[in-house]
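Colleague: following is a predicted model, sequence given first.
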Amino acid sequence: MDSSEEYSVSGSVTNRCYIACINGELSSAQMGQLYDEIVRMAEKRELRGVIMDLNGLAVLDSAAFCVLRKISVALALMGLKSAWMGIKPAIASSLVDFGADVDDLCICLNIEDGVRLIGSEK
Amino acid sequence: MTRYCKNDRVLEASVKLLESSTFELNEENDQATAVFMTREMAKNAGFSLADEVMVATAVSELATNILRYASSGSVRVTVIQRGDERTGIEILAEDKGRGIRDLKLAMQDNYSTAESLGLGLPSVERIMDEFEIESDFGQGTRIRARRWL
């Protein structure tokens, strides 16, 4: 079986932004884990914000979308900004078909853009 | 038993089954396997990348529902062909969970009995060209959905 089945998150910090690269296919348990991981990391590191790099995601169903949104809301309540990056065209189409509400999400083109967006408002 | 069909159209019975894989869903990893294998099957059947992801997303939604509400079940993915030789993918998701009491309500956007957006089933209906759901309350749920090339 291909490694794309496996879920992983790796991250690095630049300009007080945590860049979380999320890869593979997220299951419900892993989504809960991802939530804990990112929120805990945000608390520990005195961050300004988190960039969630979704380029490595195989698919994004409504349950996974819901968790990513929850992460953004939790971060906002902690006083941190979040930006989503790297949504592939095919995943964007499926989100449109869901009718997923993306209005209040901050979407960035690349890391530089994300760091600028997060840095500019705080 | 209650039934709901997209656009009130029952799925055509006379399709040729070309290739089929059944995925038993008992734990989280089974869902990832089903999604990955569905993408492969859709790609090999000639679907574009966007359609391949759509079909895999539908499988992911249905697998999430099964694991969340019924604990276990199965998803069968089949490459099918119609009389006019048009190829498609059929997804059959079955579980023996408690079933859905009101299908019409369950098919409404933002309806959810668990903690979610309630977009799951309506989004599968939107993504797929044909969609049919049958449920016996207390007995289980059976969903068939097709997307054509």
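Modeller: Happy to help now that I have it. Numbers count the residues shown, from 1 in each chain, chains lettered A, B, ... in the order given.
Colleague: CA atoms for contacts and neighbours, from now on please.
Modeller: Noted.
Colleague: residue 60 - how many residues pack around it?
Modeller: No chain in the question, so chain A it is. As a burial measure, A:Leu60 scores 27 neighbours (other C-alpha atoms under 10 Å in any protein chain shown).
Colleague: that's the wrong chain, I meant chain B
Modeller: Neighbour tally, B:Ser60, other C-alpha under 10 Å: 31.
Colleague: who's in contact with it?
Modeller: A:59, A:61, B:31-32, B:34-35 (C-alpha atoms under 8 Å, 6 or more residues apart in numbering or on different chains).
Colleague: which of the residues you listed lies closest to B:Val75?
Modeller: Of all the contacts of B:Ser60, B:Val75 sits closest to B:Ala34, with 7.6 Å by C-alpha to C-alpha.
Colleague: what pLDDT does that closest one get?
Modeller: On pLDDT, B:Ala34 comes in at 93.
Colleague: quick check, it in a helix?
Modeller: Yes. The assignment for B:Ala34 is a helix, going by DSSP: H, G, I helix; E, B strand; the rest coil.
Colleague: okay, now it: neighbour count?
Modeller: 25.
Colleague: what's the answer for A:Glu25, then?
Modeller: Neighbours of A:Glu25 under the rule other C-alpha under 10 Å: 27.
Colleague: any idea how far it lies from chain B?
Modeller: To chain B, A:Glu25 is 6 Å away according to C-alpha to the nearest C-alpha, to the nearest Å.
Colleague: same check on A:Ala63?
Modeller: 6 Å.
Colleague: helix or strand for that residue, which one?
Modeller: helix A:62-77 (DSSP states H and E).
Colleague: which strands and helices sit next to the helix or strand just after that helix?
Modeller: Next helix or strand after helix A:62-77 toward the C-terminus (DSSP H and E): strand A:81-85. Using 3 or more C-alpha pairs under 8 Å, 6 or more residues apart in numbering or on different chains; DSSP states H and E, the elements in contact with strand A:81-85 are strand A:49-57, helix A:62-77, strand A:107-108, helix A:111-120.
Colleague: ok, now with 10 Å
Modeller: Contact partners of strand A:81-85 among helices and strands, from 3 or more C-alpha pairs under 10 Å, 6 or more residues apart in numbering or on different chains; DSSP states H and E: strand A:17-24, strand A:49-57, helix A:62-77, strand A:107-108, helix A:111-120.
Colleague: what's the closest of the contacts of B:Ser60 to A:Leu95?
Modeller: Closest to A:Leu95, out of all of the contacts of B:Ser60 and judged by C-alpha to C-alpha, is A:Asp61, at 8.0 Å.
Colleague: quick one: contacts for the closest one?
Modeller: A:Asp61 makes contacts with A:25-27, A:91, A:94-95, A:98, A:100, B:54, B:56-62, B:64, B:119-120, B:123-124, as judged by C-alpha atoms under 10 Å, 6 or more residues apart in numbering or on different chains.
Colleague: just those: which are in helices?
Modeller: With DSSP state H as the criterion, helices contain A:91, A:94-95, A:98, B:54, B:56-62, B:64, B:120, B:123-124 from among those.
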